[in-house]
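Visitor: sequence below, structure please.
(chains A, B and C)
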Amino acid sequence: MLIVGAKGHAIEILQCLSPLEREQAVFFDDVTQNQPDLVLGKYKLLRTATAAQVYLATIDSRFVLGLGGPMLRLRLAKQFKHWGGLLTTVIAPTAAIDPLITKLGEGLNIMHHTMVALSARIGDGVLINAGATVHHDTQVGDYCEISPGVRLLGRCQLGMGCQVGALAAVLPDVVVGDHVVIGAGAVVTRNVPAGSVVAGIPARPIHHSIK
Amino acid sequence: MLIVGAKGHAIEILQCLSPLEREQAVFFDDVTQNQPDLVLGKYKLLRTATAAQVYLATIDSRFVLGLGGPMLRLRLAKQFKHWGGLLTTVIAPTAAIDPLITKLGEGLNIMHHTMVALSARIGDGVLINAGATVHHDTQVGDYCEISPGVRLLGRCQLGMGCQVGALAAVLPDVVVGDHVVIGAGAVVTRNVPAGSVVAGIPARPIHHSIK
Amino acid sequence: MLIVGAKGHAIEILQCLSPLEREQAVFFDDVTQNQPDLVLGKYKLLRTATAAQVYLATIDSRFVLGLGGPMLRLRLAKQFKHWGGLLTTVIAPTAAIDPLITKLGEGLNIMHHTMVALSARIGDGVLINAGATVHHDTQVGDYCEISPGVRLLGRCQLGMGCQVGALAAVLPDVVVGDHVVIGAGAVVTRNVPAGSVVAGIPARPIHHSIK
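Guide: Numbering: from 1, shown residues only, chains lettered A, B, ... in the order given. Model prediction:
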């Protein structure tokens, strides 16, 4: 299986694979300069579009997204599909999720110690990072990025491409529009219009002043 | 086993059962209109007091609480006991808890990826939601509701019927009175008198102004 | 194996041992008055330096730190090493960590439902408490105390002896100096100089006014 990316989150994806899948993992990175030939001294690194296409056509067609950022993940998913790849989901062995019941899109990253409720609905390309939980009847739009420790409580809805910062909570029944950014540690108590940036307890609109 | 409730949290309870227990699960809901006959297309739904009483008397006397709200949980626990039911605890397979050592009341919901210290003491009917942890020597009163990701640190005490919001922390040695409501994301650094509503970092009394 | 401490966190350490290790656990506490002879009615309690030295020399040389506080942990690690003990790491069975790949110091406490990335680097004597996660390329200095639910995001660096409060987040790339105290629930968005105390969202310096 090809992991798209070779640093940071890509290595965390490796850590979510079963031992057998891990043995067969190969990384892709055509951007970073001076990467060693083997990732972690062991895993093959493909550096060109041609190498990736050959791998997908002749060895294993499956690829997983191994980097953050909704728009980057979407772009790379399209690119690797165009190259003949099969966008694949990774679910950590410690995750509490039942893919036979919960409605899941393709190309997910379900990281360690997460919980996704049976009645939740998760779009394509979503990243649910370590320790985050998605509770009953909650909907998460395509390519959302749910950071470590986030809590999406019952019946809330997130549009597509949202980024929810670490340890934020979205309270029950709250509706969040597309491409919303929620700051780390925020508690979202009211609906949030598309394109907003919110932060704090309770969460209020900000103008990127947090940093 | 009868799960009291058939929506929301009740389905999350199903997700905490062992495969065998899940096969035998039956739901109860005499309130919601237009529920389908089978929950998740598979599990029998009982809609009347009579149906519940027959089930408890003839098939399986065990029932678990499958909805939130301390007062509602207490009322339904009493009701189903009166009907001959045996108030039963559910512990998710991913929970780190040792029921042979920790002093546990009856009728608990111990959800996924929780940790309850060996030296903690948990009252009756308590809900400890996903990813919450109860640390050493901490006491949690009857029918408290501990939301996802909450941290109850060492030697703290919660009275009965408290509701602790998602990702709140109660610091070591803090004493919280009965029926206190703690807002999501709050950090409780001082003792809280019974009946209070507190929120924020550090937590201060509020007058329901958070929403 | 000797657990240094016999109350509070020491009992949580017991809860992280395998069943076999638990059977052989012995506690040490030469400070607390009126402790019963057996911890939890079952585990032997050593009360004197001589008893500890005899145990380490004749029964099992391994000891683990079972109490909090960076300076206290450092002092006791030195003391028990001086007595011939072997400073040992405890990793809970539910932790997602790979000690063959991640660079780990000695004498760690890796508690339940934690995640430490393959590319992280952890110093000696570090306590990573329940549900905390240490993400890719992050460095944690010697004897840091990482409280329950903390999130140390990618590429951040913590100096030695830091105390990070429950449910705090340190954002990507942030550099935190030695002996910094971060309040519970804080979101650290900027670098923090050595010796500071910070709290809040976003975290700002405080003068111990939180309590």
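Visitor: count of neighbours near the spatially closest residue to residue A:29 that is not a sequence neighbour?
Guide: With Cβ to Cβ, 6 or more residues apart in numbering or on different chains as the criterion, residue A:29 has its nearest non-adjacent residue at 3.7 Å, and that residue is residue A:6. (C-beta placed from N, C-alpha, C; glycine too.) Residue A:6 has 25 neighbouring residues, counting by other Cβ atoms under 10 Å in any protein chain shown.
Visitor: show me chain A divided up by domain.
Guide: Following automatic domain parsing, chain A resolves into domains at A:2-88, A:89-195.
Visitor: what sits against the residue nearest to residue A:29?
Guide: Contacts for residue A:6 (Cβ atoms under 8 Å, 6 or more residues apart in numbering or on different chains) come out as A:27-29, A:32, A:35, A:39, A:45, A:66.
Visitor: tell me which of the domains of chain A is the most buried.
Guide: domain A:89-195 (a mean of 23; mean count of other Cβ atoms under 10 Å in any protein chain shown).
Visitor: near chain C, which residues of chain A?
Guide: A:7-9, A:11-12, A:14-15, A:40, A:92, A:94, A:111-113, A:130-131, A:147-149, A:165-167, A:183-186, A:199-201, A:210-211 (Cβ under 8 Å from any Cβ of the partner chain).
Visitor: let's see it at 6 Å
Guide: A:8, A:11-12, A:15, A:94, A:112-113, A:130-131, A:148-149, A:166-167, A:184-185, A:210-211 (Cβ under 6 Å from any Cβ of the partner chain).
Visitor: partners of the residue most central in space within chain A in the sheet?
Guide: Geometric centre of chain A, nearest residue: residue A:127, 1.7 Å, by Cα atoms, centre = their mean. Beta bridges link residue A:127 to residue A:109, residue A:145 when assigned by DSSP bridges.
Visitor: any idea how far chain C is from the residue nearest to residue A:29?
Guide: To chain C, residue A:6 is 11 Å away according to Cβ to the nearest Cβ, to the nearest Å.
Visitor: need the domains of chain A in TSV (columns: mean pLDDT and distance to residue C:123).
Guide: TSV is the format used below for the domains of chain A (pLDDT from 0 to 100; distance: least, Cβ to Cβ, whole Å):
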stretch	mean pLDDT	distance to residue C:123
domain A:2-88	96	20
domain A:89-195	98	21
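Visitor: thought residue A:167 was touching residue C:169?
Guide: Yes - taking Cβ atoms under 6 Å as the definition, residue A:167 is a contact partner of residue C:169 at 5.1 Å.
Visitor: can you work out which residues contact both of those two?
Guide: Residues touching both residue A:167 and residue C:169 (Cβ atoms under 6 Å, 6 or more residues apart in numbering or on different chains) are residue C:151.
Visitor: before we move on, the earlier item: in JSON lines: the domains of chain A, plus distance to residue C:99.
Guide: Formatted as JSON lines, the domains of chain A follow (distance: least, Cβ to Cβ, whole Å):
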{"stretch": "domain A:2-88", "distance to residue C:99": "13"}
{"stretch": "domain A:89-195", "distance to residue C:99": "16"}
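Visitor: quick one: which of those is nearest residue C:103?
Guide: Nearest of the domains of chain A to residue C:103, taken as Cβ to Cβ: domain A:2-88 at 11.7 Å.
Visitor: which is the succeeding secondary structure element to the longest helix anywhere in chain A?
Guide: Longest helix in chain A, counting residues (DSSP state H): helix A:70-82. Later in the chain than helix A:70-82, the nearest helix or strand by DSSP states H and E is strand A:86-87.
Visitor: check the offset of that next one from the chain's centre.
Guide: 14 Å (Cα atoms, centre = their mean, to the nearest Å).
Visitor: partners of it, with directions?
Guide: In the sheet, strand A:86-87 lines up with strand A:62-65 (parallel) (DSSP bridges).
Visitor: now tell me what touches the strand it pairs with from outside.
Guide: With contact meaning Cβ under 6 Å, 6+ apart, strand A:62-65 is reached by A:1-4, A:73, A:80, A:85-86, A:88, A:90, A:107.
Visitor: between these, which sits nearest chain B?
Guide: Compare each of the contacts of strand A:62-65 with chain B using Cβ to the nearest Cβ and the shortest gap goes to residue A:90, at 18.3 Å.
Visitor: helices of chain A, start to end?
Guide: A:9-15, A:19-23, A:49-58, A:70-82.
Visitor: okay, these in JSON lines with distance to chain B next?
Guide: As requested, the helices of chain A are arranged in JSON lines below (distance: least, Cβ to the nearest Cβ, whole Å):
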{"stretch": "helix A:9-15", "distance to chain B": "17"}
{"stretch": "helix A:19-23", "distance to chain B": "20"}
{"stretch": "helix A:49-58", "distance to chain B": "35"}
{"stretch": "helix A:70-82", "distance to chain B": "23"}
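Visitor: got a markdown table for these, with distance to residue B:49 too?
Guide: As requested, those are exported to a markdown table (distance: least, Cβ to Cβ, whole Å):
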| stretch | distance to residue B:49 |
| --- | --- |
| helix A:9-15 | 50 |
| helix A:19-23 | 51 |
| helix A:49-58 | 60 |
| helix A:70-82 | 49 |
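Visitor: quick check: of the contacts of residue A:6, which lies closest to chain B?
Guide: The closest of those to chain B turns out to be residue A:66 (Cβ to the nearest Cβ; 23.8 Å).
Visitor: tell me if I'm right that that closest one and residue A:13 touch.
Guide: Yes - between residue A:66 and residue A:13 a contact is recorded at 4.6 Å, counting by Cβ under 6 Å.
Visitor: pull up the overlap in contacts between these two.
Guide: Joint contacts of residue A:66 and residue A:13 (Cβ under 6 Å, 6+ apart) are residue A:3.
Visitor: still on that earlier bit, what two of the contacts of residue A:6 have the greatest distance between them?
Guide: Largest separation among these by Cβ to Cβ: A:35 and A:66, giving 13.6 Å.
Visitor: before we move on, back to that, take the contacts of residue A:6 and keep only those in strands.
Guide: A:27-28, A:39, A:45 (DSSP state E).
Visitor: closest to chain C out of these?
Guide: Chain C has its nearest neighbour among the ones in strands among the contacts of residue A:6 in residue A:39, at 10.0 Å by Cβ to the nearest Cβ.
Visitor: which residues does the closest residue to the closest one other than its chain neighbours contact?
Guide: Residue nearest to residue A:39 in three dimensions, not counting chain neighbours: residue A:27, with 4.8 Å by Cβ to Cβ, 6+ apart. Neighbouring residues of residue A:27 by Cβ under 6 Å, 6+ apart: A:3, A:6, A:39, A:43, A:45.
Visitor: could you give the bridge partners of residue A:27?
Guide: Per DSSP bridges, the residues bridged to residue A:27 are residue A:3, residue A:45.
Visitor: want to throw the contacts of residue A:27 into a markdown table with distance to residue B:159?
Guide: Below are the contacts of residue A:27 laid out as a markdown table (distance: Cβ to Cβ, whole Å):
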| residue | distance to residue B:159 |
| --- | --- |
| A:3 | 50 |
| A:6 | 52 |
| A:39 | 53 |
| A:43 | 53 |
| A:45 | 57 |
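Visitor: what about the spatially closest residue to residue A:36 that is not a sequence neighbour, distance to residue B:162?
Guide: With sequence-adjacent residues excluded and distances taken as Cβ to Cβ, 6+ apart, residue A:36 is closest to residue A:45, at 7.5 Å. Distance, residue A:45 to residue B:162, using Cβ to Cβ, to the nearest Å: 52 Å.
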